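Participant: fold the following for me, if possible:
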Amino acid sequence: MNKQDSVIEQIKQDRKIRAGDDPRRLEHFGFKVHSQSDEDGIIEEIFNRIGIKSQVFVEFGAETGRENNSHYLLEKGWTGLWIESLPDYAKTIRANYQDAIGEGRLKFIEAAVNAENINDLIESAGITGEIDFLSVDIDSNDYYVYEAISVIQPRVVCLEHNHSYPPPQEWIMPYDPNFRWDCNSSAYGASLVALEKLARRKGMVLVGCGLYSANGFYVREDLVNDAFSPPFTPERFFNPLDYQKIVSFPPRAAGDAKPSNSHPFKIIGGFVKIKTKQLLKQILGKSN
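Facilitator: Reported below is the predicted structural model:
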């Protein structure tokens, strides 16, 4: 068995271990096109179940745009907003996505988001009301920024939680608008339990988590029905983070419509987040 086949078999085994045979568990549908690991497939499957309306997304913590949770949506004809604070990442977005920005399909704002400015930033891009998808991944004040959002009402939300505090731990970092993520510290963001409670107060239901990543997926309560697998609890959906498997998760070609369960995971290269590379150095004692 070659390395690629071995990785695929491991993914299948881990799906079986973590999600069993339940056909409504989202882990079975994950795949990667431009996401960090299996988020693209999970997001696509959620919308297969609840339907698509506005085809509008908002993502902050967009990084270079090459690897995030809405790049694949952009490729599929969606429109939306990216917000990124790091100048080098912002420069890359402007260079690589100038056509999409120029055509108005993608709005981009270079800014550090906080609880005080997030609504103004989103509204300044001309986006208000119901949208299809919101992704929050800033490794800092995620809880407080998501809590503050009121100008949009997303049907689906992806929130990154801090894997260092598994259920039943409820943990939230103190609010600090000047906070910067440090790979040597686990004191950032919020736990899955804390984010799930916040999301539920905002009318959202946790319907699953990534197979290896610290991403939770939430669907508006009135859209859940019997399309997802109850009980909808952090204890049931939390999966341990595995950076090595995230890095080795094989991308597939964009536009390939084969189901992720049987897809051979065509390798098309990859891009590893700076954050993940730093953490791997810390965990493995290697440089990448």
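
Participant: so what's Tyr143 up against?
Facilitator: By Cβ atoms under 8 Å, 6 or more residues apart in numbering, the contact list for Tyr143 reads 172-173, 189-190, 194-195, 198. (C-beta placed from N, C-alpha, C; glycine too.)

Participant: how far out from the middle of the chain is the helix or strand it falls within?
Facilitator: Per DSSP states H and E: Tyr143 is located in helix 142-148. Per Cα atoms, centre = their mean, to the nearest Å, the displacement of helix 142-148 from the mean C-alpha position of its chain is 15 Å.

Participant: other residues contacting the helix or strand just after it?
Facilitator: Per DSSP H and E, helix 142-148 leads on to strand 152-160 as the next helix or strand towards the C-terminus. Residues outside strand 152-160 that contact it (Cβ under 8 Å, 6+ apart): 39, 43, 46-47, 50, 53, 58, 61, 69, 122, 127-137, 139, 142, 146, 189, 195, 199, 204, 213-220, 223.

Participant: which ones among the residues you listed map onto strands?
Facilitator: Judged by DSSP state E, the contacts of strand 152-160 include 58, 129-136, 204, 215-220 as members of strands.

Participant: ok, back up a step: average pLDDT across the helix holding Tyr143?
Facilitator: The pLDDT scores in helix 142-148 average 98.

Participant: send the alpha carbons of it over as PDB?
Facilitator: Taking Å, rounded to 0.1, in the frame of the first residue of the first chain, the C-alpha atoms of helix 142-148 are listed here in PDB:
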ATOM      1  CA  ASP A 142     -13.600  34.500  18.900                       C
ATOM      2  CA  TYR A 143     -16.300  34.100  21.600                       C
ATOM      3  CA  TYR A 144     -16.700  37.800  22.100                       C
ATOM      4  CA  VAL A 145     -16.700  38.800  18.500                       C
ATOM      5  CA  TYR A 146     -19.200  36.100  17.600                       C
ATOM      6  CA  GLU A 147     -21.400  37.200  20.500                       C
ATOM      7  CA  ALA A 148     -21.300  40.800  19.300                       C
END
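
Participant: now the longest helix along the chain: how far from the chain's centre is it?
Facilitator: Determined from DSSP state H, the single longest helix within the chain is helix 3-19. How far helix 3-19 lies from its chain's middle: 21 Å, per Cα atoms, centre = their mean.

Participant: list the buried residues in it.
Facilitator: Within helix 3-19, the residues that count as buried by 16 or more other Cβ atoms under 10 Å are 7-8, 11, 14-15, 18-19.

Participant: go on, stretch 169-184?
Facilitator: 171-173, 179, 183.

Participant: quick check: closest non-adjacent residue to Val219.
Facilitator: Ranked by Cβ to Cβ, 6 or more residues apart in numbering and with sequence neighbours excluded, the top spatial neighbour of Val219 is Val207, at 5.0 Å.

Participant: so the one you found touches Arg220, yeah?
Facilitator: No - with contact defined as Cβ atoms under 8 Å, Val207 does not reach Arg220; the gap is 10.3 Å.

Participant: who has more neighbours out of the two?
Facilitator: Val207 (25 against 18; other Cβ atoms under 10 Å).

Participant: OK, contacts around the more buried one?
Facilitator: Neighbours of Val207 in contact, by Cβ under 8 Å, 6+ apart: 26, 46, 217-219, 224, 228-229, 232, 237.

Participant: max pairwise distance over these: which two?
Facilitator: Using Cβ to Cβ, the two most remote members of the contacts of Val207 are Tyr218 and Ser229, lying 14.2 Å apart.

Participant: of those two, which one has the most company?
Facilitator: Tyr218 (28 against 17).

Participant: partners of the closest residue to that one other than its chain neighbours in the sheet?
Facilitator: Spatially, and ignoring its direct neighbours in sequence, Tyr218 is nearest to Met204 (3.9 Å; Cβ to Cβ, 6+ apart). Met204 forms beta bridges with Arg220, as assigned by DSSP bridges.

Participant: since that was my last question, I'll sign off now.
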